[in-house]
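K.L.:
Predicted model, plus sequence, below.
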Amino acid sequence: MFQSKPYEHSFNRPTGFERLQSGVSWLLGPELISEKRPGHLWPRSIFLRALGLIYFSAFYSLLFQVKGLIGTSGLLPAADYIKAITSAVPGVLRFWYAPTLLWISSSNRMLMAICWIGLIASVILVFNVWPRGMLLVCFACYLSFVAAAQDFSGYQSDGMLLEAGFILLFFAPPGFWPGLGRSNPPSRASMFLLQWEWFRIYFESGAAKIRSGDPTWRNFTAMDNYYQNGPLPTWIGWYVQHFPHWFHAGTVALTLGVELVLVWMLFLPRRFRIICFCIVTPFEIGIILTANYTFLNYLVLSLGFLLLDDRFVEWVLPEKVRELFKISASVGTGGEAVAGVVEKRESWRSVWRERLRPLRMAIAGAFLVVIFYATTAQLIWMFLPTLPLPTGPISALEPFRIANRYGLFAVMTPERLEIEFQGSSDGKTWIPYPFRYKPQDLKKAPGIYAPYQPRFDWNLWFASLGGWRENRFVLWTEERLLQDDADALHLFAGNRFAGGPQPIAVRAVIYQYWFTDEKTKRETGNWWRRELLGAYAPALERQPDGRIGIVDLPIARGSQD
């Protein structure tokens, strides 16, 4: 008798496989919501709409630039890139290497169609209509551009958006009009991976600053000229630049403290995460106001809302706003209730949905596990670069930009260099092509353009840090300007040769810029001063036979205006 109980107990004990299955179901299943454990329905809804707005800003900016950047006569035509991949990568692997809809057609019409479809889907996403479907459309359209844009999509912000957008496919509520999705809480795995992305953006950036060896971060001078030397300064940054050194040293300490220490509060109990949110949110808003980093900081700011929970959001949101969302939610839950009635009748749809549930969970689990491994391995390699971890999953995901490594401002730019294109109709008088967003007019205040992303202006800033041989698009720009190409000219604020003699030569020169001091600005109205350093790249000239050739037009150094 006494031996039967241990036998019966061991018989009912879960096996190792059953424990694993139970753990996987818990991880991939929805979070449990109770009074003691508030859920994340409100933060999910806020982030979902915020990502829709960010997608909108990305596609909206592309509408005005995509033909000039990668169109059929663009600076880096997507058609040429597609042909190069076809000749270099055999078979179907080329579709994996360049996952883009431009394989169907790389015409200007196709490029504009992708931008318009993505733009419309992002608007629908903001209104929370079929969120998973719209997220898939936005992701496919944006990936199609990023995968074929070459130098014009090498930004960390593009990877951040694609990573968040992909994970959100598993995080968003299902259904055509889900409301808050009360009957479909977010899965623990997708919730964690979005928070993990938020953590890595901060922590990897902080680690990169320390590991880079840049002395400005170690002696607390990194922010002394930061506001004037960034890609696209703002007028608020002009004023902040003139604050005393102790303020800039304090912002260095704050930046390192947030990125290396404060973000660990993500793994602490609820109240610490809320405190963290209340600190990093003003921090991100300050960055947005003093520098134009496109949608990058908006995305990081939006990810921060996932530190909160329903109880806190409902406590903060005005009652009228909550009621508005409840109306939307009631529509969604009403639809779910109808679906529930149908399920009780054992409709074919509910039966198949239940049968496919293990398969859907397995697919979601496989994607999320691979992303977690790839991102974790890259984080580990920052500190242990020789650790022998498998690289296959990382290489497989690399073309899709959904598992990235981040490291913002690891090395600070010591000076502000600006490339300017100039044309001449007589070979003597040079007229500049005006930029839309870059510093050029000394009396024009730096604007606030983010989250709009002027990729051409941004790339010129990066090109100024290197040579023209590594940035051949500068030469292609000169060529397109000589050809009076309408799409290339649309990347500029205007064409001063319109209606007059066309240029016979175009050159690219480089200036160094500084913010003016308060006295100079008060007396002259100038926000900037600059010094001409010389030629950046060889000038191009139209020959008598119509062909374009390279000429050497030296520029005297040291002239000022």
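P.N.:
Noted; the coordinates are in hand.
K.L.:
Distance from the chain centre to stretch 366-373, please.
P.N.:
For stretch 366-373, the gap between its own C-alpha mean and the chain's C-alpha mean amounts to 20 Å (C-alpha atoms, centre = their mean, to the nearest Å).
K.L.:
Pull out the buried positions in it.
P.N.:
Going by neighbour count (16 or more other C-beta atoms under 10 Å), the buried part of stretch 366-373 is 367, 368, 369, 370, 371, 372, 373. Every residue, glycine included, has its C-beta placed from N, CA and C.
K.L.:
need those in a markdown table with pLDDT and distance to residue 234, can you?
P.N.:
What follows is the buried residues of stretch 366-373, written out as a markdown table (pLDDT from 0 to 100; distance: C-beta to C-beta, whole Å):
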| residue | pLDDT | distance to residue 234 |
| --- | --- | --- |
| 367 | 92 | 38 |
| 368 | 94 | 38 |
| 369 | 94 | 41 |
| 370 | 96 | 39 |
| 371 | 97 | 34 |
| 372 | 97 | 36 |
| 373 | 97 | 39 |
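K.L.:
Check the separation of the first and last residues in stretch 93-108.
P.N.:
Using C-alpha to C-alpha, to the nearest Å, one end of stretch 93-108 lies 25 Å from the other.
K.L.:
Could you check how sure the model is about it, as an average pLDDT?
P.N.:
Within the predicted structure, the mean pLDDT of stretch 93-108 is 96.
K.L.:
how about residue 426, what does it touch?
P.N.:
Neighbour list for residue 426: 501, 504 [criterion: C-beta atoms under 8 Å, 6 or more residues apart in numbering].
K.L.:
State the distance from it to residue 492.
P.N.:
Applying C-beta to C-beta, to the nearest Å, one obtains 21 Å for the distance of residue 426 from residue 492.
K.L.:
buried sites along the longest helix seen in the chain?
P.N.:
As far as residue count goes, and with DSSP state H defining each element, the longest helix of the chain is helix 348-383. For helix 348-383, the neighbour count (16+ other C-beta under 10 Å) marks 361, 364-365, 367-375, 377-379 as buried.
K.L.:
and it, how far from the chain's centre?
P.N.:
A distance of 23 Å separates the C-alpha centroid of helix 348-383 from that of its chain, computed with C-alpha atoms, centre = their mean.
K.L.:
same thing with stretch 252-260?
P.N.:
Going by C-alpha atoms, centre = their mean, the spacing between the C-alpha centre of stretch 252-260 and its chain's C-alpha centre is 21 Å.
K.L.:
do stretch 187-200 as well
P.N.:
Remark: stretch 187-200 is offset 17 Å from the chain centroid, using C-alpha atoms, centre = their mean.
K.L.:
residues in contact with it?
P.N.:
Contacts to stretch 187-200, defined as C-beta under 8 Å, 6+ apart, come from residues 26-31, 40, 47, 160, 163-164, 167-168, 170-171, 263, 266, 300, 303-304, 306-307, 364-365, 368, 371-372, 375, 379, 405-406.
K.L.:
Tell me the buried residues within those.
P.N.:
When neighbours are counted using 16+ other C-beta under 10 Å, these contain these buried positions: 27-28, 30, 40, 47, 160, 163-164, 167-168, 170-171, 263, 266, 300, 303-304, 306-307, 364-365, 368, 371-372, 375, 379, 405-406.
K.L.:
shouldn't residue 551 be in contact with residue 505?
P.N.:
Yes - Residue 551 is in contact with residue 505 according to C-beta atoms under 8 Å; the separation is 7.1 Å.
K.L.:
Let me see the contact set for residue 148.
P.N.:
Shown in contact with residue 148 (C-beta under 8 Å, 6+ apart): 70, 78, 81, 82, 98, 100, 102, 106.
K.L.:
export those to a markdown table and tack on secondary structure, neighbour count and distance to residue 457?
P.N.:
Compiled in a markdown table, the contacts of residue 148 are given as follows (DSSP: H, G, I helix; E, B strand; the rest coil; neighbours: other C-beta atoms under 10 Å; distance: C-beta to C-beta, whole Å):
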| residue | secondary structure | neighbour count | distance to residue 457 |
| --- | --- | --- | --- |
| 70 | helix | 28 | 16 |
| 78 | helix | 28 | 20 |
| 81 | helix | 19 | 22 |
| 82 | helix | 18 | 26 |
| 98 | coil | 20 | 26 |
| 100 | coil | 24 | 24 |
| 102 | helix | 21 | 24 |
| 106 | coil | 21 | 24 |
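K.L.:
and the two most separated of the residues you listed?
P.N.:
The widest separation within those, taken as C-beta to C-beta, falls between 70 and 98 and amounts to 12.3 Å.
K.L.:
what helix or strand does residue 540 sit in?
P.N.:
Taking DSSP states H and E as the definition, one finds residue 540 inside strand 528-542.
K.L.:
Show me what that strand is packed against.
P.N.:
Counting by 3 or more C-beta pairs under 8 Å, 6 or more residues apart in numbering; DSSP states H and E, the packing neighbours recorded for strand 528-542 are strand 416-424, helix 473-482, strand 505-515, strand 548-551.
K.L.:
Provide the strand pairings for the first one, with the direction of each partner.
P.N.:
When pairs are called by DSSP bridges, strand 416-424 turns out to pair with strand 431-432 (antiparallel), strand 505-515 (antiparallel).
K.L.:
Please write out the alpha-carbon positions of the following helix or strand past the last one in CSV.
P.N.:
To tie it back to what came earlier, the one meant is strand 505-515. Scanning the chain past strand 505-515 towards its C-terminal end, the next helix or strand to appear is helix 518-524 (assignment: DSSP H and E). These are the backbone C-alpha positions of helix 518-524, laid out as CSV (Å, rounded to 0.1, in the frame of the first residue of the first chain):
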residue,chain,number,x,y,z
GLU,A,518,25.2,86.3,-29.6
LYS,A,519,26.8,89.6,-30.3
THR,A,520,27.3,88.8,-34.0
LYS,A,521,23.8,87.6,-34.4
ARG,A,522,22.4,90.7,-32.7
GLU,A,523,24.4,93.0,-35.0
THR,A,524,24.2,91.2,-38.3
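K.L.:
just to revisit the earlier point, so of the buried ones among the contacts of stretch 187-200, which ones are in helices?
P.N.:
Within the buried ones among the contacts of stretch 187-200, residues falling in helices by DSSP H are 27-28, 47, 160, 163-164, 167-168, 170-171, 300, 303, 364-365, 368, 371-372, 375, 379.
K.L.:
Wait, residue 413 touches residue 230, no?
P.N.:
Yes - contact status for residue 413 versus residue 230: in contact at 7.4 Å, counting by C-beta under 8 Å.
K.L.:
Specify which residue of the two has the higher count of neighbours.
P.N.:
Higher neighbour count among residue 413 and residue 230: residue 230, with 21 against 18, using other C-beta atoms under 10 Å.
K.L.:
Give me the pLDDT value at the more buried one.
P.N.:
As predicted, residue 230 sits at a pLDDT of 92.
K.L.:
That one and residue 510, how far apart?
P.N.:
17 Å.
K.L.:
One more: residue 293?
P.N.:
Between residue 293 and residue 510 the distance, using C-beta to C-beta, works out to 23 Å.
K.L.:
The residue nearest the centre of the chain: what's it in contact with?
P.N.:
Residue closest to the average C-alpha location in the chain (C-alpha atoms, centre = their mean): residue 157, at 2.4 Å. Applying C-beta under 8 Å, 6+ apart, we find residue 157 in contact with 293, 294, 295, 296, 299, 453.
K.L.:
Also residue 482?
P.N.:
Shown here is residue 482, whose contacts under the criterion C-beta under 8 Å, 6+ apart are 423, 503, 504, 505, 506, 540, 541, 542, 548.
K.L.:
And the residues you listed, which of them are buried?
P.N.:
Counted by 16+ other C-beta under 10 Å, these give 423, 503, 504, 505, 506, 540, 541, 542 as buried.
K.L.:
can you tell me how far the fifth one sits from residue 424?
P.N.:
In this case it means residue 506. 8 Å.
K.L.:
How about residue 49?
P.N.:
Relative to residue 424, residue 49 is positioned 50 Å away (criterion: C-beta to C-beta).
K.L.:
So the two - more neighbours on which side?
P.N.:
When neighbours are counted by other C-beta under 10 Å, residue 49 and residue 424 differ, and residue 424 comes out ahead with 19 against 16.
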